[in-house]
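*Asks:* Sequence and computational prediction follow.
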Amino acid sequence: MDIMDIFQMITALVVIVFLANFLLKKLNGIQQPSSQVIKIIERVQVSKSSSLCIVQVESEYMLMSISETSNEVIKTFTNEEKEAIQQRLAKKQHSQEAGQLTSQVASLSSKRAATLTTYIKKWKKQYTEFQKKGTHKT
């Protein structure tokens, strides 16, 4: 067994691992279609094996305890509580969108500032060359 055989085996192993990973992700996406009726609105990890979730089932909102051994509904929210949750979620989403827009504007501004700085340096260089040419003629 020479170095070429070892290299081929390692390459084959790496290709098989990446291919298996890719296929498992594709199969997982096919087997678990997203539900239009049940949505997890928010999830908070309480411990390694349990979490609290706000779950929307059609028009109802429920607080659920989810663990490895059991799932149970702790509370069903009233209409007022449901509206308050929706308002907080909308506010959170708007603030995230505003943050993304702010970072995009800042990125554009810094790119434009860098472009302007480049142009200014170029113009200064050209002006200096122009001045040198002008002083040589006189």
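*Replies:* The structure has been received and is ready for your questions. Numbers count the residues shown, from 1 in each chain.
*Asks:* Going by C-alpha atoms from here, please, whenever you check contacts or count neighbours.
*Replies:* Noted.
*Asks:* In its sheet, which strands sit next to whichever helix or strand residue 65 is part of, and in what direction?
*Replies:* If you go by DSSP states H and E, residue 65 is part of strand 60-67. Using DSSP bridges, strand 60-67 pairs in its sheet with strand 50-57 (antiparallel), strand 71-76 (antiparallel).
*Asks:* Same list (those strands) but as TSV, adding distance to residue 103 and mean pLDDT.
*Replies:* As requested, the strands paired with strand 60-67 are exported to TSV (distance: least, C-alpha to C-alpha, whole Å; pLDDT from 0 to 100):
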stretch	distance to residue 103	mean pLDDT
strand 50-57	30	91
strand 71-76	38	92
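*Asks:* Please identify the deepest-packed of these.
*Replies:* Stretch with highest mean neighbour count among the strands paired with strand 60-67: strand 50-57 (a mean of 18; mean count of other C-alpha atoms under 10 Å).
*Asks:* just for the chain, where's the confidence low?
*Replies:* Where the chain drops to pLDDT under 70, the residues are 29-35, 108-109, 111, 134-138.
*Asks:* Going along the chain, name the helices of it.
*Replies:* Applying DSSP state H to the chain gives helices spanning 3-31, 79-137.
*Asks:* Tabulate those helices (TSV), appending mean neighbour count and distance to residue 50.
*Replies:* Listed next are the helices of the chain as TSV, based on neighbours: other C-alpha atoms under 10 Å; distance: least, C-alpha to C-alpha, whole Å:
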stretch	mean neighbour count	distance to residue 50
helix 3-31	11	23
helix 79-137	12	22
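*Asks:* Could you point out which of these sits nearest residue 56?
*Replies:* For the helices of the chain, the distance to residue 56 is smallest for helix 79-137, at 9.7 Å, taking C-alpha to C-alpha.
*Asks:* Off-centre distance for stretch 105-122?
*Replies:* 27 Å (C-alpha atoms, centre = their mean, to the nearest Å).
*Asks:* quick one on the thing from earlier: mind listing what's buried along the strand holding residue 65?
*Replies:* Burial within strand 60-67, assessed by neighbour count using 16 or more other C-alpha atoms under 10 Å, is assigned to 61-67.
*Asks:* quick one: it to helix 79-137, angle?
*Replies:* Interaxial angle, strand 60-67 versus helix 79-137 (axes from the mean of the first three to the mean of the last three C-alpha atoms, to 10 degrees): 80 degrees.
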